[in-house]
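1. A predicted structure for the sequence below; I have some questions about it.
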Amino acid sequence: MPNKNFKLNTGQDIPAIGLGTWQSEPGKVREAVAHALKAGYRLIDCAYCYANEEEVGQGLAEAFAAGVRREEIFVVSKVWATYTTRCELGLQKSLEKLGLDYVDLFLVHWPLLLNPEGNDDRFPKLPNGERDIIRSYNHVDTWKQMEKLLETGKTKAIGVSNYSKRYLEELLPHATVVPAVNQIENHPALPQQEIIDLCKEKGIHIMAYSPLGSTGGPLFSAEPVVKIAEKHGVKPSAVLLSYHIPRGTTVLAKSVTPERITENLNLVELDAEDVKLLNDYSDTLAKEGKLQRFVYPPFGIDFGFPDKS
Ligand SMILES: NC(=O)C1=CN([C@@H]2O[C@H](COP(=O)(O)OP(=O)(O)OC[C@H]3O[C@@H](n4cnc5c(N)ncnc54)[C@H](OP(=O)(O)O)[C@@H]3O)[C@@H](O)[C@H]2O)C=CC1
Ligand SMILES: O=C[C@H](O)[C@@H](O)[C@@H](O)[C@H](O)C(=O)O
């Protein structure tokens, strides 16, 4: 399964599974990245905002020294919200930290602008403690800058993250380049089918984040997940990661624990009965208003997600 790829609208192959690095602590993430690449991962998901790209770069360098070639891996980074008026600078900073000449995919991390002249490089705040957001800014302007990055050769593809159907519908009429990817939270407790359907129609590949429910894996105990895991004799984590393969979606699993990083590559083929069980679970949560979104930073902006609007 680690060798399975999907195709982007740029013609590039993108691996079906990748290693996440959000909240991967300094002191652990170098080893996590190097271990993952040696174990067979071919996609590493990074971001300037994670404040660990320098150490991720050390992990990449270690893997290159061990024989992994740059061309055979797929590195993703994201422009953070304080840089959405300065996308090229944001990309350059990530490249320098990662020790790379190019990334394979560069994403708009969230569709907004945080004050680039505020009191912090990543999380500028107002005196009242709220995030210092420039509310007059239009996210479509960020995309116009992203399109120009393709000419620099510093990224092979561009895409978005945390885009709802509404935000995509605002963006697409103005886009010369259709985003290659929309990276969104996605798991059986938050299927986000309306976004996935629109992206499929427009040729935008989905990357699923927080597939285990993020920190601590709160979805491991979900009833259908436990039942399917028992049936196949695997851990709940394998069920949650495997959910994405028949959906045609790339999945990102974060771990800094070497054994878990290795075991997360062991996906299972879910049968029609398993898929139905998981879909029924999603439908029931939706009907009862119990969908679970684990990552929703305090921006105080309506991003157009139906479960939050
Ligand atoms: N674009 C965006 O805004 C976002 C992007 N992302 C990306 O997606 C990635 C994945 O999402 P994330 O929110 O980190 O969470 P995940 O759903 O990947 O869950 C990570 C948690 O699960 C634990 N874990 C991983 N594998 C196992 C296993 N086999 N058994 C038991 N526990 C396990 C990890 O622990 P431990 O590390 O201690 O082993 C960690 O606590 C991120 O790292 C990031 O790259 C995530 C959120 C938002
Ligand atoms: O990629 C992961 C998440 O989006 C993360 O970058 C944000 O949640 C960030 O920590 C924030 O607080 O705004």
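-> Yes, it's here. Ligands and ions are numbered 1, 2, ... in the order given.
2. Give the burial count for K148, as a bare number.
-> By other C-beta atoms under 10 Å, the residues close to K148 number 12. All C-beta atoms are positioned from the backbone trio N, CA, C, and that covers glycine.
3. Any idea which residue of the stretch 51-200 of the chain lies closest to ligand 1?
-> Going by C-beta to the nearest ligand atom, ligand 1 is nearest to S161 of the stretch 51-200 of the chain, at 3.9 Å.
4. need the contact list for that residue.
-> 78, 107-110, 181-184, 207, 209 (C-beta atoms under 8 Å, 6 or more residues apart in numbering).
5. Of those residues, which is the most crowded?
-> V108 (29 neighbours).
6. Beta-bridge partners for that residue, please?
-> V108 has the following beta-bridge partners by DSSP bridges: V79, V160.
7. now L291: how far from N186?
-> Separation of L291 from N186 (C-beta to C-beta, to the nearest Å): 11 Å.
8. neighbour count winner among the two?
-> Using other C-beta under 10 Å as the criterion, L291 and N186 rank with N186 on top: 24 against 18.
9. in terms of contact, does that one touch H244 like I think?
-> Yes. Taking contacts as C-beta atoms under 8 Å, N186 lies within contact range of H244: 7.3 Å.
10. So for the two, which residues contact both of them?
-> Counting by C-beta under 8 Å, 6+ apart, the residues touching both N186 and H244 are 208, 211.
11. mean confidence for stretch 119-128?
-> Regarding stretch 119-128, the rounded mean pLDDT is 98.
12. same thing with stretch 259-275?
-> If you average the pLDDT over stretch 259-275, you get 97.
13. and this structure, which residues reach ligand 2?
-> Within the chain, the positions near ligand 2 by C-beta under 6 Å from any ligand atom are 22, 47, 49, 295, 297.
14. quick one on the thing from earlier: where does the residue of the stretch 51-200 of the chain closest to ligand 1 sit relative to L168, distance-wise?
-> Relative to L168, and taking C-beta to C-beta, S161 is found at 12 Å.
15. what helix or strand is the residue in the chain that ligand 2 sits nearest to on?
-> Nearest residue of the chain to ligand 2 (C-beta to the nearest ligand atom) works out as P297 at 3.2 Å. Under the criterion of DSSP states H and E, P297 resides outside all helices and strands.
16. Not counting sequence-adjacent ones, nearest residue to it?
-> Spatial nearest neighbour of P297, chain neighbours left out: W110 (7.5 Å); criterion: C-beta to C-beta, 6 or more residues apart in numbering.
17. residues contacting the one you found?
-> 81, 161-162, 297, 299, 303.
18. which of these sit farthest apart?
-> The distance between the two most remote of the contacts of W110 (C-beta to C-beta) is 13.5 Å, for S161 and F299.
19. which residues in the stretch 201-309 of the chain form helices?
-> 223-232, 236-242, 258-263, 272-287 (DSSP state H, counting those that start in this stretch).
20. OK, contacts around the nearest residue to the residue of the stretch 51-200 of the chain closest to ligand 1 once chain neighbours are set aside?
-> Closest residue to S161 apart from its sequence neighbours, by C-beta to C-beta, 6+ apart: Q183 at 3.9 Å. By C-beta under 8 Å, 6+ apart, the contact set of Q183 is 45, 76, 78, 107, 159-162, 206-209, 252.
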